[in-house]
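A.B. asks: Here is a sequence with its predicted model. Questions after.
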Amino acid sequence: MLYIVSTPIGNLQDITLRALETLRNVDFVVCEDTRVTSFLLHHFEIKKELVSMNAFSEKNKLNFIADRIESGSSCALVSDAGTPGISDPGVRLISELIKRNINVIPIPGVSAAITALSIAGLPTDSFVFEGFLPQKKGRQKKLQNLLTEDRTIILYESTYRIKKLLDELTNYTPERLIVVCRELTKKFEEIVRGFPQEIHLYFEKKEPKGEFVVIISPISWKHDSVNSHLHIEQ
């Protein structure tokens, strides 16, 4: 069977006891980057065969991994951080194993999207997760359509495009409250709340580094019910 094992997004102490037990007991581990997963396993004194599978190699390695699991080997699928398959490789492998009637077992844990949502202070009863926006083609149309949603919106963004996203939000929806979460659970964790232009100016003065989750308030959310000035938590 295949175990979908969530791993920490930063702080290694966030791993679950069940995740550790699973990693110790499986025959091999499929991961994005063997260096990242080796560090995690070494920290918890686990020795295991690692097979790399990233977004570029998933299609080519799919049958090799699936055949091995089908032959009787147990496998844990992990990503570099968080829950596999959520804006990370693994969906094709999971789909193939389901077609082969092989059990796929979730070992839940950390997800950057849900971690950010939990501290955003915005409605959580209904939300939309979009992951990463397209880098170029279709990006503007995708974002503009998304901003018509009257639900809390969750996006991932990279160091290289976070200022571009903040600039786009300033142009398209300047009155929406947003929460930018940087390096969640890590040493330099930072939570910045405010309007797009405020946060854009903040990161113009301080070069943004790390991984980002951006939470955008629903259209109907009344920002006067919360602190609408730039607020930073470090």
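C.D. replies: Arrived safely, thanks for sending.
A.B. asks: Please list the residues outside stretch 76-88 that contact it.
C.D. replies: Stretch 76-88 is contacted from outside by 2-10, 22-23, 26, 28-33, 36-37, 40, 55, 89-91, 93-94, 107-113, 131-132, 156, using C-beta atoms under 8 Å, 6 or more residues apart in numbering. (Glycine included, C-beta is placed from N, CA and C.)
A.B. asks: Show me these that map onto strands.
C.D. replies: Among the contacts of stretch 76-88, the members falling in strands (DSSP state E) are 2-5, 28-31, 107, 131-132, 156.
A.B. asks: Buried ones among these?
C.D. replies: 2-5, 28-31, 107, 156 (16 or more other C-beta atoms under 10 Å).
A.B. asks: Could you identify the most distant pair in those?
C.D. replies: 28 and 156 (28.3 Å; C-beta to C-beta).
A.B. asks: how about stretch 113-120 as CSV, C-alpha atoms only?
C.D. replies: What follows is stretch 113-120 as a C-alpha-only set of coordinates in CSV (Å, rounded to 0.1, in the frame of the first residue of the first chain):
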residue,chain,number,x,y,z
ALA,A,113,-2.5,26.6,3.5
ILE,A,114,-4.5,25.5,6.6
THR,A,115,-1.8,26.7,9.0
ALA,A,116,-2.0,30.2,7.4
LEU,A,117,-5.8,30.1,7.3
SER,A,118,-6.0,29.2,11.0
ILE,A,119,-4.3,32.4,12.1
ALA,A,120,-5.6,34.8,9.4
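A.B. asks: For it, buried residues please.
C.D. replies: Within stretch 113-120, the residues scored as buried using 16+ other C-beta under 10 Å are 113-117, 120.
A.B. asks: for the record, mean pLDDT for that stretch?
C.D. replies: Stretch 113-120 comes out with an average pLDDT of 96.
A.B. asks: what's in contact with it?
C.D. replies: So stretch 113-120 is in contact with 9, 86, 124, 127, 129, 152, 154, 156, 179, 181, 184-185, 191, 213, 215, going by C-beta under 8 Å, 6+ apart.
A.B. asks: re earlier: let me know the closest of the buried residues of stretch 113-120 to residue 141.
C.D. replies: residue 113 (22.6 Å).
A.B. asks: elements contacting the helix or strand bottoming out on mean pLDDT in the chain?
C.D. replies: The least trusted helix or strand in the chain, going by mean pLDDT, DSSP states H and E, turns out to be strand 231-233, with a mean of 79. Counting contacts by 3 or more C-beta pairs under 8 Å, 6 or more residues apart in numbering; DSSP states H and E, strand 231-233 packs against strand 190-194.
A.B. asks: ok, the buried residues of stretch 113-120 vs residue 46, which is closest?
C.D. replies: Taking those together and measuring to residue 46 by C-beta to C-beta, the closest member is residue 115, at 24.0 Å.
A.B. asks: which SS class is the closest one?
C.D. replies: helix (DSSP: H, G, I helix; E, B strand; the rest coil).
A.B. asks: circling back: distance to residue 167 added to the buried residues of stretch 113-120, as CSV?
C.D. replies: Rendered in CSV, the data for those read as follows (distance: C-beta to C-beta, whole Å):
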residue, distance to residue 167
113, 23
114, 27
115, 25
116, 21
117, 23
120, 21
